[in-house]
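# Kindly generate the corresponding structure for this input.
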Amino acid sequence: MRRLADDNMDSASSVSAATAPDELLARKRVLDARTGATPGFAASLREVRTWQATRLARTYDDFRTDPQYTRAIEFFLSDLSGPQDFTRRDHDLSFAWTRLERTLPQPALNVLTRAIEFEVLTAELDHAIVAQLLPGQLTDATYAAAYRAVANREHRMHQIELIVGMGRELEWMVRMPGIGLLLQLAHIPAHVAGFGALQDFLERGFAAFRDVRDTERLLDAIQERETRFMDTLLHSLCRPRGGENA
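Prediction:
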(Lines give C-alpha, C1' and ligand atoms only; values in the text may rest on other atoms or scores of the structure.)
Protein backbone atom coordinates (compact mmCIF):
# COMPACT_ATOMS: atom_id res chain seq x y z
CA MET A 1 0.00 0.00 0.00
CA ARG A 2 1.16 3.53 -0.63
CA ARG A 3 2.66 5.55 2.15
CA LEU A 4 0.95 8.72 3.28
CA ALA A 5 3.80 10.85 2.02
CA ASP A 6 3.37 9.35 -1.43
CA ASP A 7 -0.34 10.12 -1.40
CA ASN A 8 0.22 13.79 -0.59
CA MET A 9 -3.56 13.99 -0.41
CA ASP A 10 -3.87 14.22 -4.20
CA SER A 11 -6.28 11.31 -4.40
CA ALA A 12 -8.74 13.07 -2.10
CA SER A 13 -8.10 16.74 -2.71
CA SER A 14 -11.75 17.50 -3.32
CA VAL A 15 -15.20 15.99 -3.16
CA SER A 16 -16.29 14.72 -6.54
CA ALA A 17 -19.76 15.30 -7.90
CA ALA A 18 -20.37 11.55 -7.75
CA THR A 19 -19.99 11.52 -3.97
CA ALA A 20 -21.35 14.98 -3.12
CA PRO A 21 -23.20 14.98 0.23
CA ASP A 22 -26.56 15.94 -1.28
CA GLU A 23 -26.53 12.93 -3.60
CA LEU A 24 -25.40 10.58 -0.86
CA LEU A 25 -28.05 11.77 1.57
CA ALA A 26 -30.74 11.48 -1.12
CA ARG A 27 -29.75 7.82 -1.58
CA LYS A 28 -29.96 7.37 2.19
CA ARG A 29 -33.49 8.82 2.32
CA VAL A 30 -34.64 6.31 -0.30
CA LEU A 31 -33.30 3.47 1.83
CA ASP A 32 -34.90 4.84 4.98
CA ALA A 33 -38.26 5.05 3.23
CA ARG A 34 -38.01 1.43 2.10
CA THR A 35 -37.07 0.32 5.61
CA GLY A 36 -40.13 1.97 7.11
CA ALA A 37 -42.46 0.62 4.45
CA THR A 38 -41.57 -3.07 4.85
CA PRO A 39 -42.81 -4.87 7.99
CA GLY A 40 -39.99 -6.56 9.89
CA PHE A 41 -37.28 -5.11 7.66
CA ALA A 42 -35.84 -2.77 10.29
CA ALA A 43 -35.48 -5.61 12.80
CA SER A 44 -33.73 -7.80 10.25
CA LEU A 45 -31.43 -4.94 9.33
CA ARG A 46 -30.45 -4.41 12.98
CA GLU A 47 -29.76 -8.14 13.31
CA VAL A 48 -27.48 -8.10 10.25
CA ARG A 49 -25.60 -5.05 11.49
CA THR A 50 -25.18 -6.51 14.96
CA TRP A 51 -23.74 -9.68 13.38
CA GLN A 52 -21.34 -7.55 11.33
CA ALA A 53 -20.24 -5.48 14.33
CA THR A 54 -19.53 -8.64 16.32
CA ARG A 55 -17.49 -10.04 13.43
CA LEU A 56 -15.46 -6.83 13.08
CA ALA A 57 -14.74 -6.64 16.80
CA ARG A 58 -13.52 -10.25 16.73
CA THR A 59 -11.42 -9.70 13.60
CA TYR A 60 -9.54 -6.73 15.06
CA ASP A 61 -9.31 -7.86 18.67
CA ASP A 62 -5.52 -7.99 18.41
CA PHE A 63 -5.40 -4.30 17.48
CA ARG A 64 -8.05 -3.41 20.04
CA THR A 65 -5.88 -4.75 22.85
CA ASP A 66 -2.81 -2.79 21.64
CA PRO A 67 -2.88 0.61 23.43
CA GLN A 68 -1.76 2.60 20.38
CA TYR A 69 -4.65 1.25 18.29
CA THR A 70 -7.43 0.85 20.88
CA ARG A 71 -9.13 4.19 20.24
CA ALA A 72 -8.75 3.92 16.46
CA ILE A 73 -10.48 0.53 16.43
CA GLU A 74 -13.20 1.80 18.78
CA PHE A 75 -13.74 4.77 16.47
CA PHE A 76 -14.16 2.52 13.42
CA LEU A 77 -16.51 0.21 15.31
CA SER A 78 -18.66 2.87 16.99
CA ASP A 79 -18.66 5.73 14.48
CA LEU A 80 -18.61 3.88 11.16
CA SER A 81 -20.04 0.38 11.65
CA GLY A 82 -22.66 -1.52 13.54
CA PRO A 83 -26.33 -0.87 14.36
CA GLN A 84 -25.88 2.74 15.49
CA ASP A 85 -28.18 5.47 14.22
CA PHE A 86 -26.29 8.16 12.29
CA THR A 87 -29.35 10.27 11.47
CA ARG A 88 -28.17 13.27 13.50
CA ARG A 89 -24.77 13.31 11.83
CA ASP A 90 -26.39 13.05 8.39
CA HIS A 91 -28.77 15.89 9.18
CA ASP A 92 -25.90 18.07 10.38
CA LEU A 93 -23.96 17.45 7.18
CA SER A 94 -26.90 18.41 5.00
CA PHE A 95 -27.55 21.52 7.06
CA ALA A 96 -23.99 22.75 7.44
CA TRP A 97 -22.04 21.60 4.37
CA THR A 98 -21.72 25.02 2.71
CA ARG A 99 -20.36 26.57 5.89
CA LEU A 100 -18.02 23.64 6.53
CA GLU A 101 -16.54 23.96 3.04
CA ARG A 102 -15.44 27.48 3.96
CA THR A 103 -14.07 26.71 7.42
CA LEU A 104 -12.67 23.17 7.58
CA PRO A 105 -9.35 22.02 6.11
CA GLN A 106 -9.67 19.67 3.15
CA PRO A 107 -8.66 16.49 5.03
CA ALA A 108 -11.48 17.07 7.53
CA LEU A 109 -13.99 17.55 4.71
CA ASN A 110 -12.72 14.37 3.09
CA VAL A 111 -13.18 12.41 6.32
CA LEU A 112 -16.78 13.59 6.58
CA THR A 113 -17.69 12.77 2.99
CA ARG A 114 -15.94 9.40 3.07
CA ALA A 115 -17.83 8.57 6.28
CA ILE A 116 -21.20 9.44 4.74
CA GLU A 117 -20.38 7.59 1.52
CA PHE A 118 -19.31 4.56 3.54
CA GLU A 119 -22.53 4.72 5.56
CA VAL A 120 -24.74 4.94 2.47
CA LEU A 121 -22.90 2.27 0.49
CA THR A 122 -22.93 -0.06 3.50
CA ALA A 123 -26.64 0.57 3.99
CA GLU A 124 -27.35 -0.28 0.34
CA LEU A 125 -25.40 -3.53 0.61
CA ASP A 126 -27.00 -4.38 3.96
CA HIS A 127 -30.47 -3.82 2.50
CA ALA A 128 -29.58 -6.18 -0.34
CA ILE A 129 -28.42 -8.83 2.14
CA VAL A 130 -31.63 -8.57 4.16
CA ALA A 131 -33.64 -9.04 0.98
CA GLN A 132 -31.76 -12.29 0.29
CA LEU A 133 -31.98 -13.77 3.80
CA LEU A 134 -34.00 -16.91 4.30
CA PRO A 135 -36.70 -16.82 7.00
CA GLY A 136 -35.51 -17.78 10.46
CA GLN A 137 -32.58 -17.06 12.75
CA LEU A 138 -29.52 -15.34 11.32
CA THR A 139 -26.49 -17.63 11.40
CA ASP A 140 -23.02 -17.59 9.89
CA ALA A 141 -24.28 -19.90 7.15
CA THR A 142 -27.39 -17.87 6.29
CA TYR A 143 -25.40 -14.62 6.30
CA ALA A 144 -22.77 -16.13 4.01
CA ALA A 145 -25.43 -17.42 1.60
CA ALA A 146 -27.10 -14.00 1.42
CA TYR A 147 -23.73 -12.28 0.99
CA ARG A 148 -22.89 -14.54 -1.95
CA ALA A 149 -26.31 -14.00 -3.48
CA VAL A 150 -25.77 -10.22 -3.41
CA ALA A 151 -22.12 -10.50 -4.54
CA ASN A 152 -21.16 -7.05 -5.93
CA ARG A 153 -17.42 -7.34 -5.37
CA GLU A 154 -16.81 -3.90 -6.88
CA HIS A 155 -18.86 -2.14 -4.21
CA ARG A 156 -17.36 -4.30 -1.47
CA MET A 157 -13.88 -3.28 -2.58
CA HIS A 158 -14.96 0.36 -2.55
CA GLN A 159 -16.14 -0.08 1.05
CA ILE A 160 -12.64 -1.17 1.99
CA GLU A 161 -11.06 1.68 0.04
CA LEU A 162 -13.26 4.19 1.89
CA ILE A 163 -12.20 2.90 5.31
CA VAL A 164 -8.52 2.91 4.38
CA GLY A 165 -8.91 6.36 2.86
CA MET A 166 -10.45 7.71 6.05
CA GLY A 167 -7.54 6.34 8.02
CA ARG A 168 -5.10 8.15 5.76
CA GLU A 169 -7.04 11.42 6.02
CA LEU A 170 -7.16 11.15 9.81
CA GLU A 171 -3.42 10.50 9.95
CA TRP A 172 -2.89 13.57 7.80
CA MET A 173 -5.14 15.64 10.09
CA VAL A 174 -3.12 14.61 13.12
CA ARG A 175 0.07 15.73 11.39
CA MET A 176 -1.31 19.10 10.33
CA PRO A 177 -0.01 21.93 12.57
CA GLY A 178 -2.75 23.65 14.52
CA ILE A 179 -5.68 21.42 13.59
CA GLY A 180 -6.07 20.12 17.14
CA LEU A 181 -6.42 23.69 18.40
CA LEU A 182 -8.81 24.49 15.54
CA LEU A 183 -11.09 21.62 16.55
CA GLN A 184 -11.02 22.76 20.17
CA LEU A 185 -11.91 26.32 19.26
CA ALA A 186 -14.72 25.15 16.96
CA HIS A 187 -16.38 22.87 19.54
CA ILE A 188 -18.76 25.32 21.19
CA PRO A 189 -19.56 27.35 18.04
CA ALA A 190 -20.35 24.15 16.14
CA HIS A 191 -22.79 22.99 18.79
CA VAL A 192 -24.41 26.41 19.02
CA ALA A 193 -24.72 26.55 15.22
CA GLY A 194 -26.51 23.19 15.13
CA PHE A 195 -23.94 20.76 13.77
CA GLY A 196 -22.43 19.42 16.97
CA ALA A 197 -22.72 15.77 15.88
CA LEU A 198 -20.36 16.40 12.97
CA GLN A 199 -17.95 18.29 15.19
CA ASP A 200 -17.94 15.49 17.76
CA PHE A 201 -17.33 12.92 15.02
CA LEU A 202 -14.25 14.81 13.80
CA GLU A 203 -12.95 15.27 17.34
CA ARG A 204 -13.30 11.56 18.10
CA GLY A 205 -11.53 10.62 14.88
CA PHE A 206 -8.70 13.07 15.54
CA ALA A 207 -8.28 11.84 19.13
CA ALA A 208 -8.39 8.20 18.02
CA PHE A 209 -5.52 8.58 15.55
CA ARG A 210 -3.41 10.85 17.71
CA ASP A 211 -2.18 7.79 19.63
CA VAL A 212 -1.30 5.75 16.53
CA ARG A 213 2.42 5.60 15.76
CA ASP A 214 2.24 3.14 12.84
CA THR A 215 -0.89 3.87 10.82
CA GLU A 216 0.26 1.75 7.88
CA ARG A 217 0.25 -1.41 9.99
CA LEU A 218 -3.42 -0.90 10.85
CA LEU A 219 -4.51 0.14 7.36
CA ASP A 220 -2.60 -2.72 5.74
CA ALA A 221 -4.36 -5.15 8.09
CA ILE A 222 -7.78 -3.70 7.28
CA GLN A 223 -7.09 -3.93 3.55
CA GLU A 224 -5.81 -7.50 3.77
CA ARG A 225 -8.31 -8.92 6.28
CA GLU A 226 -11.44 -7.37 4.78
CA THR A 227 -10.42 -8.41 1.26
CA ARG A 228 -9.79 -11.96 2.45
CA PHE A 229 -13.11 -12.04 4.30
CA MET A 230 -14.92 -10.83 1.19
CA ASP A 231 -13.25 -13.36 -1.09
CA THR A 232 -13.89 -16.19 1.38
CA LEU A 233 -17.60 -15.49 1.39
CA LEU A 234 -17.85 -14.90 -2.34
CA HIS A 235 -15.82 -17.87 -3.53
CA SER A 236 -16.10 -20.64 -0.94
CA LEU A 237 -18.40 -22.28 1.55
CA CYS A 238 -16.13 -21.58 4.52
CA ARG A 239 -17.90 -20.25 7.56
CA PRO A 240 -17.38 -16.50 7.90
CA ARG A 241 -16.06 -16.29 11.46
CA GLY A 242 -13.65 -13.46 12.20
CA GLY A 243 -10.33 -13.77 13.93
CA GLU A 244 -6.87 -12.30 13.90
CA ASN A 245 -6.33 -13.42 10.35
CA ALA A 246 -9.92 -13.26 9.10
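# can you map out the helices along the chain?
Remark: helices assigned in the chain by DSSP state H are 4-7, 21-37, 41-59, 61-64, 70-79, 87-103, 106-132, 140-150, 153-175, 179-193, 196-210, 215-235.
# These into a markdown table, with extra columns for mean pLDDT?
Converted to a markdown table, those look like this (pLDDT from 0 to 100):
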| stretch | mean pLDDT |
| --- | --- |
| helix 4-7 | 37 |
| helix 21-37 | 82 |
| helix 41-59 | 93 |
| helix 61-64 | 96 |
| helix 70-79 | 93 |
| helix 87-103 | 77 |
| helix 106-132 | 91 |
| helix 140-150 | 94 |
| helix 153-175 | 93 |
| helix 179-193 | 81 |
| helix 196-210 | 89 |
| helix 215-235 | 95 |
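# so how many other residues sit close to residue 160?
18 (other CB atoms under 10 Å). C-beta: built from backbone N, CA, C; applies to glycine.
# from memory residue 226 sits against residue 160, does it?
Yes: counting by CB atoms under 8 Å, residue 226 does reach residue 160; the two are 4.7 Å apart.
# Can you tell me what sits against stretch 161-179?
Contacting residues not belonging to stretch 161-179 are listed as 1, 4, 7, 9, 11-12, 72, 76, 80, 105, 107-108, 110-111, 114-115, 117-118, 121, 180, 205-206, 208-210, 212, 215, 218-219, 222-223, 226 [CB atoms under 8 Å, 6 or more residues apart in numbering].
# Tell me the buried residues in that stretch?
Applying a neighbour-count criterion of 16 or more other CB atoms under 10 Å, one finds 162-174, 179 buried in stretch 161-179.
# ditto for stretch 64-82
For stretch 64-82, burial by neighbour count (16+ other CB under 10 Å) applies to 64, 66, 69, 71-73, 75-77, 79-82.
# ok, these vs residue 148, which is closest?
residue 81 (20.8 Å; CB to CB).
# List the contacts of that closest one.
By CB under 8 Å, 6+ apart, residue 81 lies in contact with 49, 52-53, 56, 122.
# and the gap between residue 141 and residue 51?
12 Å (CB to CB, to the nearest Å).
# for residue 222, same thing?
Separation of residue 222 from residue 51 (CB to CB) stands at 19 Å.
# Same question for residue 104.
Taking CB to CB as the measure, residue 104 falls 35 Å from residue 51.
# So which of these two has more stuff around it?
When residue 104 and residue 51 are compared for neighbours, residue 104 comes out ahead with 21 against 18, by other CB under 10 Å.
# which residue is nearest the middle of the chain?
Centroid-nearest residue in the chain, with CA atoms, centre = their mean: residue 80, separated by 3.6 Å.
# phi, psi of that residue?
Main-chain torsions, residue 80, degrees, to the nearest 10: phi -130, psi -20.
# Let me know the closest of the buried residues of stretch 64-82 to residue 233.
Using CB to CB, the shortest approach to residue 233 within those belongs to residue 81, at 16.7 Å.
# Look up the pLDDT of the closest one for me, please.
pLDDT, residue 81: 79.
# Quick check: the closest residue to residue 209 other than its chain neighbours vs residue 148, distance?
Nearest residue to residue 209, sequence neighbours excluded (CB to CB, 6 or more residues apart in numbering): residue 170, at 4.2 Å. Per CB to CB, residue 170 is found 32 Å from residue 148.
# now swap in residue 86 and tell me
From residue 86 to residue 148 the distance is 27 Å (CB to CB).
# Repeat that for residue 158.
The gap separating residue 158 from residue 148 is 18 Å, by CB to CB.
# Residue 216 now?
Relative to residue 148, residue 216 is positioned 31 Å away (CB to CB).
# Ok, residue 180 next?
In terms of CB to CB, residue 180 sits 44 Å off from residue 148.
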